[in-house]
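>>> Structure for this input, please:
(one chain, ligands or ions: 1)
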Amino acid sequence: MLVRGAVAQEVAYPTERVFVERGTAPSEHPLDIRHMRVELSFDPAQKLVRGTVTHLFVPLRPGVDSVFFDGPGIRIRRALLGGHDVRYRTSPEGVTVYPEPALTWDTPDSITFQYEANPEKGLYFVGWDDPRGLSRKQIWSQGQGIDNRHWIPCYDRPNDKMTTEMIVTFDSAYSVLSNGTLLGVRDNPGGTRTWHYRMTHPHSTYLVMLAIGVYGVRTERTRAGVPVNLWYYPDQEDRVGPTYRYAPAMVDFVADATGVPYPWESYSQVPVQDFLYGGMENTTATVYGDFLLVDRRAFHDRNYIAVGAHELAHQWFGDFVTARSGPGTWLQESFATFYAKLFQKSVFGEDWYEWARREEQNAALEASKQNRVPITHSAAGSARVYQKGSAVLDMMMSTFGADELRRVIGAYLRAHAYANVETNDLYQSFQDVLGLSPDWFFDEWIYRGGEPAYAVRFTDDVNTDGGRASLFTVTQEQKRDGLAGLFRMPVTFEVHYTDGTSSRTTRTIADQTTVVTVPTPEGRTVAFALFDPGGLILKSVDFQKPAAMLRAQVERATLMIDRYDALAAMRSWPPESKREILASVMGRETFHAMKEEALSQIAGDTTAGGIALIREGLRDGEATVRQAALRASGRVLSAVRVEAEALLRDSSYATEAQALELLSARYPAETPRYLAWTKEDKGTGHIVNVLWHEINAGRGDTSSLARLVDYAGVSYEFMTRVNAFAALRRLGYCDASLMGALFSAMASPNPRLREPAASFAAYFMEQSRYRRALVEYYHSHAWTAAEATLLAPAFK
Ligand SMILES: [Zn+2]
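Below is the predicted model of the structure:
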């Protein structure tokens, strides 16, 4: 209906539902780019890229007389429109092409750039500058957020998807991986080879990838027949098994959990040295840090499973459907975190899941101490975009049902296949699939911030109008303003009785104060009470319980996390009042966090009973429990020395290092024996061997000092270097022989190396002798522009 002449009326939009953020609209663009073909060759010694990129497109408007492509620092040699030279102008941000006559819609065309670049970001040359040639030599990319534009001139925003094609010519001694299917490999004269990869479905440019290095590849298949290519270093083939445990099973899991088959033809995973993050979900080809390429022993400390599952889930959430702009980031990160958690639950069980959820909730509550920015805000931060969002999806599952959510998400994925999404698309799927409009849930958990803070008072078995009953009085105490109000959530209340039976009720808590009544069955006596058993809800809660109730809860609550909460509430109790409880926990519980909590509470107990429990902990089957027992053993180490020494041969490198550090500090006379036992072990980042040389150097052996200086240098990956800098700092060593290693680390593009190195330098700059040497080294060397930018802050 159209009413002519109607006077504009003031409309009351429900603006409180959406925390409006300016400047987050999707980028505008005059072309729909359909295909991007990239041809590349390299001069790795010069960190030089030579490329030709062709964009096939259809204009989105009539009269397009200028088109901008992102490409900071790229040197354009030639620009062609439909194969003919075209006028262009470069700027610090990229290149603008001026078609004459103007382009018009429905007219497909192409723009080609021939170019060179020495990218400061986006594409990294690793190990080519190691004068001894010990380092691995690689070239690899990291496109997210907006860095692929540094080595490919392109429309580098997520809201235009295109098929891509990568044709790379390089030394035939290396292997090359890019997105999509390997169409062919051609040998050229002169010892080079050309690899040709192509995507068959469109994706966003930040997901374009390249990795070049010396690799072996093992291929497995999923149940559905998808090839899963496991890339590895040929000198570390033994690491394929521990690193890629569950690799094909994960793919089947996410397909089942979403109801949407894996969206691409194949899936590859490739480790690279000095990676900036844990992993990156490039379409069909995840890149991850080679510190996660673990052997059988390092598997116990940190392995690839969590990162691998997260990046895999992104193949659906991020790659198949892609957030249109910043406020949708949680549609990628929260979902990848959530499905990785569900996969790990399927492998590690319910206790693991409860603990993982609790850690996510704690991360969100911690972030709220700073501010209460919604997860859809560009300033939400990683604790919200990853952990809080994953915890919110858990609540979506418990609130609306697991099967219901699976259908909603499956429909949402299918409706936006190979396209862009925003949060409202998920909301719409609730309407289309379940006929629900969960405004309240999206409002309080997604569009607004904060979490509920409940205060719970429990009144045990009193007379009420309807007979005897227990009462829960729930008050919402969180700060209320435009960012957060009263929360509405279904909450379960449980009362457990001394005869082992229980009563349970679920009520929607929405008011500031709600009294929930749980009738007491005839002749029952209350043992303990639970508010939100299992800890499904992201919240803080103040529920003070008497000691007897906590004792009953730690012994009898069904779910691990409820037993854990009761145990943690006993921290301030004196040892004699809980020794039996802690013994019972150590004997009965199987989950590591329960035993670790018990051991931390045993730490002050020097009685025979306490010592026996620590001894038990040192022999536990799980590495983190043995580590907790080592931490708890401080006051009674002499009584458990045999067990502690046995950990010098532990299956976990982290445990071994912890035992070596503790024992050598306590028993200097025995240290030569400890060093002899641990001499051969290395571990991720050479954790054991760096410590070994630190201890040995502390005993006056200068050859170990030289070894640590070596470990800090360019021949090693960043974790070893960071560990070596930490050891050298404790040893107070910053002499001339270290300068080359230190400055190369301070000028590294990898912040995980650069920042610890800068902190090392800052520490020694405070001592005048070292300050002079550092300043002199800085001024007596020539630096590239990129190096100078990174080094300047330390010497201003
Ligand atoms: Zn992610």
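
>>> Enumerate the positions of stretch 606-618 that are buried.
Neighbour counts over stretch 606-618 (16 or more other C-beta atoms under 10 Å) mark 610, 611, 613, 614, 615, 616, 617, 618 as buried. In this view, the C-beta of every residue, glycine as well, is placed from N, C-alpha and C.

>>> Check stretch 639-646 too.
Going by neighbour count (16+ other C-beta under 10 Å), the buried part of stretch 639-646 is 639, 640, 643, 644, 645.

>>> and the helix or strand encompassing the last one, average pLDDT?
The reference is to residue 645. Taking DSSP states H and E as the criterion, residue 645 maps to helix 641-646. Mean pLDDT, helix 641-646: 98.

>>> of the buried residues of stretch 639-646, closest to the ion?
Checking these against the ion with C-beta to the ion, the nearest one is residue 644 at 38.9 Å.

>>> Surely that closest one is in contact with residue 663?
Yes: the criterion here is C-beta atoms under 8 Å, and residue 644 meets it with residue 663 at 6.1 Å.

>>> Figure out how far stretch 283-295 is from the centre of its chain.
13 Å (C-alpha atoms, centre = their mean, to the nearest Å).

>>> Based on its surroundings, how many neighbours for the residue lying closest to residue 267 once chain neighbours are set aside?
Closest residue to residue 267 apart from its sequence neighbours, by C-beta to C-beta, 6 or more residues apart in numbering: residue 228 at 5.1 Å. For residue 228, the neighbour count with other C-beta atoms under 10 Å is 21.

>>> Doesn't residue 228 belong to a helix?
No: using DSSP: H, G, I helix; E, B strand; the rest coil, the assignment for residue 228 is strand, not a helix.

>>> tell me the pLDDT at residue 9?
For residue 9, the pLDDT comes out at 42.

>>> To clarify, my last question referred to residue 93.
98.

>>> what is in contact with residue 644 and residue 663 at once?
Residues touching both residue 644 and residue 663 (C-beta atoms under 8 Å, 6 or more residues apart in numbering) are residue 637.

>>> returning to that earlier point: export the buried residues of stretch 606-618 as a markdown table, with columns for distance to the ion, pLDDT and secondary structure.
What follows is the buried residues of stretch 606-618, written out as a markdown table (distance: C-beta to the ion, whole Å; pLDDT from 0 to 100; DSSP: H, G, I helix; E, B strand; the rest coil):
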| residue | distance to the ion | pLDDT | secondary structure |
| --- | --- | --- | --- |
| 610 | 43 | 95 | helix |
| 611 | 45 | 96 | helix |
| 613 | 40 | 96 | helix |
| 614 | 39 | 97 | helix |
| 615 | 42 | 97 | helix |
| 616 | 39 | 97 | helix |
| 617 | 35 | 98 | helix |
| 618 | 37 | 98 | helix |
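
>>> Looking at those, which is nearest residue 447?
Residue 447 lies nearest to residue 617 out of those, by C-beta to C-beta, at 45.9 Å.

>>> on that earlier part again, if the residue nearest to residue 267 is in a bridge, with which residues?
Judged by DSSP bridges, the bridge partners of residue 228 are residue 220, residue 267.

>>> Next, format the buried residues of stretch 606-618 as CSV and append distance to residue 724.
Output for these, formatted as CSV (distance: C-beta to C-beta, whole Å):
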residue, distance to residue 724
610, 38
611, 37
613, 37
614, 32
615, 35
616, 36
617, 31
618, 29
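
>>> in stretch 502-516, what's buried?
In stretch 502-516, counting by 16+ other C-beta under 10 Å, buried: 502, 503, 507, 509, 514, 516.

>>> Count the neighbours of residue 454 for me.
For residue 454, the neighbour count with other C-beta under 10 Å is 23.

>>> Surely it is in contact with residue 531?
Yes: using C-beta under 8 Å, residue 454 makes contact with residue 531 at a distance of 7.2 Å.

>>> Now for the two: what residues contact both?
Contact criterion C-beta under 8 Å, 6+ apart; residues shared by residue 454 and residue 531: 474, 541, 543.

>>> How about the residues of this protein by the ion?
333, 336 (C-beta under 5 Å from the ion).

>>> So, low pLDDT: which residues of the chain?
1-20 (pLDDT under 70).

>>> Surely residue 199 and residue 161 touch.
No: if you go by C-beta under 8 Å, residue 199 and residue 161 don't touch, sitting 10.1 Å apart.

>>> neighbour-wise, which of these two wins?
A direct count of neighbours by other C-beta under 10 Å for residue 199 and residue 161 places residue 199 higher, at 23 against 20.

>>> can you tell me how far residue 527 sits from the ion?
43 Å (C-beta to the ion, to the nearest Å).

>>> got a list of what that residue touches?
Listed by C-beta under 8 Å, 6+ apart, the contact partners of residue 527 are 496, 497, 498, 549, 552, 556.

>>> now the strands for the stretch 401-550 of the chain?
All strands of the stretch 401-550 of the chain, identified by DSSP state E, counting those that start in this stretch, fall at 419-421, 453-464, 467-476, 489-497, 502-509, 513-519, 526-531, 540-542.

>>> What distance do you get for residue 635 to residue 611?
10 Å (C-beta to C-beta, to the nearest Å).

>>> swap in residue 313?
45 Å.

>>> The ion versus the nearest residue to residue 398 once chain neighbours are set aside, what's the distance?
Closest residue to residue 398 in three dimensions, ignoring its sequence neighbours and counting by C-beta to C-beta, 6+ apart: residue 536, at 4.7 Å. Note on residue 536: its distance to the ion, by C-beta to the ion, is 24 Å.

>>> ok, now residue 200?
Separation of residue 200 from the ion (C-beta to the ion) stands at 24 Å.

>>> same check, this time on residue 470
Note on residue 470: its distance to the ion, by C-beta to the ion, is 44 Å.

>>> pretty sure that residue is in contact with residue 457, am I right?
No: counting by C-beta under 8 Å, residue 470 does not reach residue 457; the two are 11.2 Å apart.

>>> Looking at these two, which one has more neighbours?
Counted by other C-beta under 10 Å, residue 470 and residue 457 do not tie: residue 470 has more neighbours, with 22 against 13.

>>> residues contacting the more buried one?
Residues in contact with residue 470 (C-beta under 8 Å, 6+ apart) are 458, 459, 460, 461, 462, 495, 517, 518, 520, 526, 529.
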